[in-house]
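Enquirer: I'd like to go over a predicted model; first the sequence, then the structure.
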Amino acid sequence: MAVLLKRGNVFMKKILPISLFLFSCAIVSLCIAPFSYAAKANLDGRIQECADLFGEIMDMPDSAIPEGLLSKSSGVAIFPSVLKGGFIVGARYGKGVILYHNKKTGKWSAPAFFTIKGLSYGLQIGGQAIDLVLVITNERGIRSFLKNNISLGGDLAAAAGPVGRDAEASSDLALKSSIFSYSRSKGLFAGVALKGAVIKQEIKSNKDYYGKDVTAEDILFGGKVKPTQSGRYLIKVLSRY
């Protein structure tokens with residue numbers, strides 16, 4: 001009897017730590033799963049917002065992005081509700097996505113997540129939310145976004161884009177700028193400028209959304225992920241024009 005009790009105690013000493021470890025793992029998994037789901041749902045919402053914004057801009061014939069420019073572009077960056085505000089010194093911050101457009105095949109990549117932020121100086125007062133779309137005219141331009149911090153007006157030339165869905169975008173015009181910007185403002189702000197704005201890839205968001213370690217280069221050019229349902233919807237909206 002004493003031998004059995006001794007063996008039982010030894011068994012409990014061995015099994016108890018294992019049981020506690022497995023129980024802890026289960027608790028951690030239960031805590032992480034809802035967080036991961038919420039993070040992905042939030043990013044899905046951002047893609048949906050980008051698709052809605054692009055569709056709304058293109059549904060305004062007199063101020064839409066020329067379809068000829070889109071068909072010749074190497075990609076687009078979409079940033080809904082970029083917040084701006086300040087007095088003399090201004091600040092801006094927003095989140096969006098970038099997609100690569102293969103001009104030879106006409107296909108769009110899955111969306112990669114990016115942020116835009118920076119400071120600006122000059123005559124400015126008040127606050128504003130700006131919906132921003134950047135049409136990237138060449139592959140060199142879109143590959144520049146793969147750098148750690150790319151600044152508009154510094155590393156890349158940016159200019160206000162031609163408007164009108166059926167407007168002609170000449171080759172000479174495209175050569176003058178790597179990026180054409182289109183914006184829709186909400187609120188009051190004097191002195192809107194993109195110069196100095198820094199665009200940076202969101203490494204964590206890309207990993208959370210696609211469930212593995214992928215860079216913006218993997219997503220845009222490497223073909224290492226497939227578009228999700230919301231990504232396919234955004235591509236469908238872009239392809240429509």
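Expert: All right, it came through fine. Numbers count the residues shown, from 1 in each chain.
Enquirer: wouldn't Gln201 be in contact with Val97 here?
Expert: No. When contacts are counted by Cβ atoms under 8 Å, Gln201 is not listed as touching Val97 (10.4 Å). Yep, even glycine has a C-beta here, placed from its N, CA and C like the rest.
Enquirer: now tell me which helix or strand of the protein has the poorest mean pLDDT.
Expert: The helix or strand of the chain with the poorest confidence is helix 171-176; it has a mean of 50 (mean pLDDT, DSSP states H and E).
Enquirer: returning to what we had before: quick one: which of Gln201 and Val97 has more around it?
Expert: For Gln201 versus Val97, neighbours defined as other Cβ atoms under 10 Å are more numerous around Val97 (26 against 22).
Enquirer: neighbours of Asn206, how many?
Expert: 23.
Enquirer: contacting residues for it?
Expert: When contacts are counted by Cβ atoms under 8 Å, 6 or more residues apart in numbering, Asn206 touches 112-113, 214-216, 219.
Enquirer: cutoff 6 Å now
Expert: 112-113, 214 (Cβ atoms under 6 Å, 6 or more residues apart in numbering).
Enquirer: can you flag which of those belong to strands?
Expert: Judged by DSSP state E, the contacts of Asn206 include 112-113 as members of strands.
Enquirer: which one among the contacts of Asn206 gets closest to Ala39?
Expert: The closest of the contacts of Asn206 to Ala39 turns out to be Phe113 (Cβ to Cβ; 11.1 Å).
Enquirer: and the closest one, how far from Leu69?
Expert: Applying Cβ to Cβ, to the nearest Å, the value for Phe113 to Leu69 is 24 Å.
Enquirer: okay, the two: which has more neighbours?
Expert: Neighbour comparison, Phe113 and Leu69: the larger count goes to Phe113, with 23 against 19 (by other Cβ under 10 Å).
Enquirer: Gly118 against Val198, yeah?
Expert: Yes. Taking Cβ atoms under 6 Å as the definition, Gly118 is a contact partner of Val198 at 4.8 Å.
Enquirer: and the helix or strand hosting Ala129, average pLDDT?
Expert: In the assignment (DSSP states H and E), Ala129 maps to strand 112-136. Across strand 112-136, the average pLDDT comes to 74.
Enquirer: strands along the protein, start to end?
Expert: Counting by DSSP E, the strands of the chain are 75-100, 112-136, 150-151, 158-160, 179-189, 198-201.
Enquirer: partner strands of the last one and their direction?
Expert: Paired with strand 198-201 in the same sheet, following DSSP bridges, are strand 112-136 (antiparallel), strand 150-151 (antiparallel).
Enquirer: if you count neighbours, what's buried in that strand?
Expert: Residues 198-199, 201 are the ones in strand 198-201 that count as buried (16 or more other Cβ atoms under 10 Å).
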